[in-house]
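Undergrad: Return atomic coordinates for the entry below.
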Amino acid sequence: MEQHENEGTPDGRILRPLDRLAQFPGPIAVAHESGSAGRVASLAGDVVNDEPWALEATYHESGQPCLAVRTVRSPQGMNPRGLPVENVSIQILNFLNRANRSQGPGLTAPSKESSRIEFDQVRIAVDRAPVQEVELPIDGAVVRGTRTDALDAAVVELNWHGQAVFITGRPSALEAIALRTATPADVDHL
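TA: Numbers count the residues shown, from 1 in each chain. Prediction:
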């Protein structure tokens, strides 16, 4: 299994955000312009066995990550061996790690033990957090999902066109969020 934060090609070329968008096998969700998220600050991708797995549009406020919209393709047609785990705990852990990295380098490099402890803390907090049913508009249509708030972060999980969409951010960033299908204009400035 291969996973790369900045998805590339088998020959080592890094794909531009426009190419990532074009090669993804389904629609990509992004925050609607009318919300407070602003423009997409980055579009990162993951691949599994040389196939696009997920694309994540990240939004910043005052130079800090405030929101991430991750679209995960359907695993249908893919070899189920080695597929990554995508769940609320992973989304919160990744979001909090990015938010902490943006505040400057840490004093020490994380160890395997400290990473395991951090993951366990997030998993326990998510397991204890209440899960609320929510409805969010995507392209004007209401999509039902769930919202979990834990550790000063929130995740909304939706099923959209057979794909999983995770919206992760500070709880206030998810209060009036609306999504839509991404277009090349959303990432051509990257």
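
Undergrad: give the contact list for the spatially most central residue of the chain.
TA: For the chain, the residue nearest the mean C-alpha position is R70 (2.9 Å; CA atoms, centre = their mean). Residues near R70 by CB atoms under 8 Å, 6 or more residues apart in numbering: 54-57, 86, 91, 165-168. Where you see a C-beta, it was placed from the backbone N, CA and C, and this is true even at glycine.

Undergrad: Among the residues you listed, which one lies nearest to L174?
TA: I167 (6.2 Å; CB to CB).

Undergrad: low-confidence ranges in the protein?
TA: Along the chain, the parts satisfying pLDDT under 70 run over 1-14, 34-37, 101-112, 114.

Undergrad: at 90 what do you get?
TA: The model of the chain has pLDDT under 90 over residues 1-19, 21-22, 32-39, 48-51, 60-66, 75-85, 96-120, 172-176, 188-190.

Undergrad: burial of T148, as a residue count?
TA: By the criterion of other CB atoms under 10 Å, T148 has 22 neighbours.

Undergrad: so it sits in a helix?
TA: No: looking at T148 with DSSP: H, G, I helix; E, B strand; the rest coil, it is strand, so not inside a helix.

Undergrad: how far away is it from H189?
TA: When distance is defined by CB to CB, to the nearest Å, T148 is 32 Å away from H189.

Undergrad: same thing with A68?
TA: 18 Å.

Undergrad: Next, the residue nearest to the centre of the chain: secondary structure please.
TA: strand.

Undergrad: isn't there a strand covering I90?
TA: No: using three-state DSSP, the assignment for I90 is helix, not a strand.

Undergrad: contacting residues around it?
TA: Applying CB under 8 Å, 6+ apart, no residues qualify as near I90.

Undergrad: One more: E133?
TA: Taking CB under 8 Å, 6+ apart as the test, what E133 contacts is 144-147.

Undergrad: same deal with G38?
TA: Shown in contact with G38 (CB under 8 Å, 6+ apart): 59-61.

Undergrad: can you do 7 Å?
TA: Residues counted as contacts of G38 (CB atoms under 7 Å, 6 or more residues apart in numbering) are Y59.

Undergrad: buried set for stretch 66-80?
TA: 66-73, 75 (16 or more other CB atoms under 10 Å).

Undergrad: Closest one of those to A125?
TA: Using CB to CB, the buried residues of stretch 66-80 come closest to A125 at A68, 18.1 Å.

Undergrad: measure that closest one to M78 for me?
TA: 23 Å.

Undergrad: separation between the residue nearest to the centre of the chain and S115?
TA: R70 is 20 Å from S115, by CB to CB.

Undergrad: ok, which stretches of the chain are strands?
TA: Using DSSP state E, the strands of the chain run over residues 29-31, 42-48, 51-61, 64-72, 131-138, 141-150, 153-160, 163-169, 179-181.

Undergrad: JSON lines for those strands, including distance to L15?
TA: Converted to JSON lines, those look like this (distance: least, CB to CB, whole Å):
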{"stretch": "strand 29-31", "distance to L15": "17"}
{"stretch": "strand 42-48", "distance to L15": "7"}
{"stretch": "strand 51-61", "distance to L15": "9"}
{"stretch": "strand 64-72", "distance to L15": "16"}
{"stretch": "strand 131-138", "distance to L15": "25"}
{"stretch": "strand 141-150", "distance to L15": "28"}
{"stretch": "strand 153-160", "distance to L15": "23"}
{"stretch": "strand 163-169", "distance to L15": "19"}
{"stretch": "strand 179-181", "distance to L15": "19"}
